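>>> Turn this into a model:
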Amino acid sequence: MCERLRSLRFTPTRIVSPQPGLASAPATPTIPAVPLRLRLPFWIATLSACAGAVAYALTFADIAFHPILFLLPVFFLVWFLVLQQWRRVPRRNLQSEIFGDIPRWMKAAAAALLLFAFANFFACIAGTSTHPGPAAARGSEPPTVAISRSAAETIHVQALQLRMLSGFFVCCFGLAALLVETCWIKNGPAMADRKI
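Numbers count the residues shown, from 1 in each chain. Modelled structure (predicted):
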């Protein structure tokens, strides 16, 4: 029995010193890479939302930046890609917090974008109603005199109309970027990093 206890004694282990070329810092956990099928629509949506925000800001100086209209086909492309990814998320993952909780800032950002879209729409409608065009001036009777606007009024009305569209782009592209991030949280390796 004594022999057996002696054989179980603690024997010092040999400590290996790190090699000079290797870092001795503890290894940091690696963040899984976002796949290209999620990264591409995210960056297209984010950059398009920024372009829409710039065009939106320019309308306050009565600058109608019409090249923003080229974002309309991009809008359909991004939402097609987002909906394709959204279909891959299992429905039970959406309601369950076990499969990754959606952060509060994302929920607040989505609510703020929707509120912004409605407020922008009604503000632009109210702004254009203060500048009646020929159709509003005539009412039900045919016009006897042509109503003309000054160049400054025309530019202002065009800027208001473009403000409505660019505000819509900011909202929709921002929501698309948030949905892509939600797909990554709910259906990827990122789900393992979330708190339960």
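
>>> So Glu181 sits against Ala45, correct?
No. Using CB atoms under 8 Å, Glu181 is not in contact with Ala45, being 9.9 Å away. Just so you know, the C-beta spots here come from the backbone N, C-alpha and C atoms, and that holds for glycine as well.

>>> Looking at the two, which is more packed in?
Ranked by neighbour count (other CB atoms under 10 Å), Glu181 and Ala45 place Ala45 first, with 27 against 20.

>>> what sits against the more buried one?
Ala45 makes contact with Val78, Val82, Phe173, Gly174, Ala176, Ala177, Val180, according to CB atoms under 8 Å, 6 or more residues apart in numbering.

>>> Identify each buried residue in the lengthiest helix in the chain, please.
Secondary structure assigned by DSSP state H gives helix 151-187 as the longest helix of the chain. By 16 or more other CB atoms under 10 Å, the buried positions in helix 151-187 come out as 156-157, 159-160, 162-187.

>>> what helices or strands is that helix leaning on?
Packed against helix 151-187 by the contact rule (3 or more CB pairs under 8 Å, 6 or more residues apart in numbering; DSSP states H and E) you find helix 36-59, helix 71-86, helix 91-95, helix 104-129.

>>> quick one: low-confidence parts of the chain?
Residue ranges of the chain with pLDDT under 70: 1-32, 92-100, 129-149, 188-196.

>>> Mind listing the shared neighbours of Glu181 and Ala45?
The contact lists of Glu181 and Ala45 share no entry, where a contact means CB under 8 Å, 6+ apart.

>>> so Phe116 sits right up against Cys172, yeah?
No. Because the distance of 11.1 Å does not satisfy CB under 8 Å, Phe116 is recorded as not touching Cys172.
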